[in-house]
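[1] Have a look at this prediction, sequence included:
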Amino acid sequence: MRVRFLGHAVVLLEDIEDGYNVIIDPFITGNPKYPNDFKLPRIDYILVTHGHNDHLGDTVELCKKYNPIVISNAEICSYLQLKGCRVHPMHVGGTYYFEFGKVKLTPALHGSGIHDGENTIYGGNPCGFLINADGKTVYHAGDTGLTKEMELLKNVDLAFIPIGGNYVMDVDDAIVAVEMFKPKIVVPIHYNTWDIIRADADEFKAEVEKLGVECRILKPGEYIEF
Ligand code: NI
Ligand code: MN
């Protein structure tokens, strides 16, 4: 499995179980950090942490192109079903075994309204994702503030956590989060996309490495291979 960072909070899991491609929070159009020279592979599953546009992103367009299954909370799934997407609704705390692996929805402290034209549609509870595939555990925290629930995470091989502040954890809180569950590798996300979420990833890296956790600062398009 190859786990690729595509800017902001976009993560692509490529070639899981010999062939499934799974994208998390596919914010492509309008994402200032998306690596435009990267050619997206066929997408089999889309995981959406919450309804904000920098996460829901290009989900509908990708559904039209690849007809994947979208995994998200029930409210976002209802919305997407009306837009013609194939969906698999879940909720925080729920686990399900898909053909590519096991997915659990983890708690996130955030909002989830879907901005559709002039309307904001109720988008249920935001979440993160804990994915077990190819013998590895990958955690994508979604957008979240610091939460004690992270203490319940166990044996995480690779964690993507937000550090940009303002809407989500800042560097200081993200360090506390890492201390709670000590993933093998942590990758900071959701920072420096815009000025309002400026953060110093090098400071984050220096501090978490003092805790014995490896930190990889990935440029958009770079990946980690298991
Ligand atoms: Ni958000
Ligand atoms: Mn966001």
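    It's in. Ligands and ions are numbered 1, 2, ... in the order given.

[2] Could you list the residues of the chain in contact with ligand 1?
    Taking C-beta under 5 Å from the ion as the measure of proximity, the chain contacts ligand 1 at His52, Asp143. C-betas here are computed from N, CA, C, even on glycine.

[3] where does the chain come near ligand 2, residue by residue?
    Counting by C-beta under 5 Å from the ion, the chain sits next to ligand 2 at Asp54, Asp143.

[4] Dihedrals phi and psi, the spatially most central residue of the chain?
    Among the residues of the chain, the one closest to the centroid is His140, at 4.3 Å (C-alpha atoms, centre = their mean). Main-chain torsions, His140, degrees, to the nearest 10: phi -120, psi 110.

[5] how far away is it from Gly51?
    As judged by C-beta to C-beta, to the nearest Å, His140 and Gly51 stand 16 Å apart.

[6] Equivalent analysis for Phe160, please.
    Taken as C-beta to C-beta, the span from Phe160 to Gly51 is 19 Å.

[7] try Met150
    The gap separating Met150 from Gly51 is 22 Å, by C-beta to C-beta.

[8] For stretch 153-171, which residues meet the burial criterion?
    Neighbour-count burial for stretch 153-171 flags 153, 156-165, 167-171 (criterion: 16 or more other C-beta atoms under 10 Å).

[9] Revised request: answer the last question for stretch 190-202.
    For stretch 190-202, a neighbour-count test (16+ other C-beta under 10 Å) marks His190, Tyr191, Asn192, Thr193, Ile197, Ala199, Ala201 as buried.
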